[in-house]
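K.L.:
Below: sequence and its predicted model.
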Amino acid sequence: GRVQVPCQGLDTASLERCELYFGITATRPALASSSLVMGIVPRDADGSGLQVQQNGNSSNVVPFTTAQLLAENLHPVANPAVDHNGAIYTTISGSKGQQVPVSIYRISPHGEVEPFASGIANATALAFAPDGELYVSSRHTGKILRVDANGTVSSIADKLGIVTGIAFDSQGRLHVGDRRGTIYQLTGSGEPRSLAKLPPSIAAYHLAFDQQDRLYVSYPTLSGYDNLYVITPDGECQTLATGLGRPQGIALDREQNLYIVSHVGGEGGVFKRTPDGELQQVVAGVNLVGIAFGMDTELILTDNSAVYKLDADVQGQS
């Protein structure tokens with residue numbers, strides 16, 4: 001990830017002597033001017049603060065936090081899921097039709113990683129139902145599967161196309177995104193009802209509900225200039241934001257701010273959209289895919305191979 005640091009008083013005649021310190025780790029700026037320094041965060045940054053140094057002079061130290069790696073050698077393609085005990089669930093999704101030994105892993109609140117469920121072809125999106133059981137979509141088979149506390153898998157719906165994103169509303173109704181262009185609402189018997197039509201995605205739909213049961217949908221296309229949508233309970237679809245680059249995972253906090261993994265203006269990471277429409281980058285990162293809120297004030301983030309925890313001092317919606 002890259003960070004931009006506004007500053008004053010840099011000597012423009014010796015910008016080559018400027019360094020950014022992430023804790024005790026120094027790196028040369030990728031770009032520097034008299035009022036701005038841009039740096040690439042080094043892999044071993046310790047997160048104890050950020051400081052600019054030049055010609056023996058040091059700036060004040062500003063807070064800077066780095067994410068903690070929880071697990072790697074995975075393949076998440078959507079949001080992680082967090083249960084009521086704080087355990088994190090994520091996938092090895094695999095390429096189309098690939099059979100992997102373990103489909104879903106569970107990470108305990110203490111960071112212990114263990115296999116949880118197997119036999120799911122291209123496990124994609126994860127979501128917990130109000131009763132606490134885990135649901136997962138299989139984009140290869142077009143099925144929605146339920147996984148009980150022992151990791152036993154059962155099918156609850158099928159013939160849903162290239163099924164990707166899933167989410168439950170406040171009434172416990174499961175909503176499913178077929179990335180070919182349909183958002184379904186499932187009946188109690190698992191029958192799909194078309195709720196809304198959207199343009200198709202090259203990768204996946206990502207779904208999240210707010211406290212008013214409005215459904216937010218993000219997805220990447222080939223254009224690189226994508227939209228964020230919101231769908232009302234009666235199926236009315238509205239464009240909420242434009243100009244996003246490959247938007248993916250989404251989640252809401254208790255203040256109904258929407259957090260979205262995307263690129264905006266060439267910068268990648270997590271962006272917060274306030275209820276009045278203001279968009280602000282809050283996390284810098286490359287190749288991020290999914291996002292969820294942990295038990296306390298943590299963000300759980302996934303890229304295409306790993307899971308991270310970041311103290312964001314924000315609580316997710318209950």
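P.N.:
Done, it's in. A quick note: this is a predicted structure, and the numbers were derived from the prediction, not measured.

K.L.:
Report the mean confidence score over the helix or strand where His175 lies.
P.N.:
Taking DSSP states H and E as the criterion, His175 maps to strand 174-178. Strand 174-178 shows an average pLDDT of 97 in the prediction.

K.L.:
Wasn't Gln13 part of a strand?
P.N.:
No, residue 13 isn't Gln; it's Ala. No - judged by DSSP: H, G, I helix; E, B strand; the rest coil, Ala13 forms no part of a strand; its state is helix.

K.L.:
which residues touch the strand holding His175?
P.N.:
With contacts defined as Cβ atoms under 8 Å, 6 or more residues apart in numbering, strand 174-178 is touched by 125, 127, 129, 135, 137, 144, 157, 160-169, 183-186, 192, 195, 204-207, 209, 215, 217, 219. In this view, the C-beta of every residue, glycine as well, is placed from N, C-alpha and C.

K.L.:
Show me the residues you listed that map onto strands.
P.N.:
Residues of the contacts of strand 174-178 located in strands (DSSP state E): 125, 127, 135, 137, 144, 157, 163-168, 183-186, 192, 195, 206-207, 209, 215, 217.

K.L.:
If any of these are buried, put those into a ChimeraX selection.
P.N.:
To isolate the buried members of these in ChimeraX, using 16 or more other Cβ atoms under 10 Å:
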select :125,127,135,137,144,157,163,164,165,166,167,168,183,184,185,186,192,195,206,207,209,215,217
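
K.L.:
how about the CA coordinates for the strand holding His175, as CSV?
P.N.:
These are the backbone C-alpha positions of strand 174-178, laid out as CSV (Å, rounded to 0.1, in the frame of the first residue of the first chain):
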residue,chain,number,x,y,z
LEU,A,174,-31.2,-15.0,2.2
HIS,A,175,-30.3,-12.9,-0.8
VAL,A,176,-28.1,-14.3,-3.6
GLY,A,177,-26.2,-12.6,-6.4
ASP,A,178,-25.8,-14.5,-9.7
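
K.L.:
in its sheet, what does it sit against?
P.N.:
Sheet pairing here is set by DSSP bridges, and for strand 174-178 it gives strand 163-168 (antiparallel), strand 182-186 (antiparallel).
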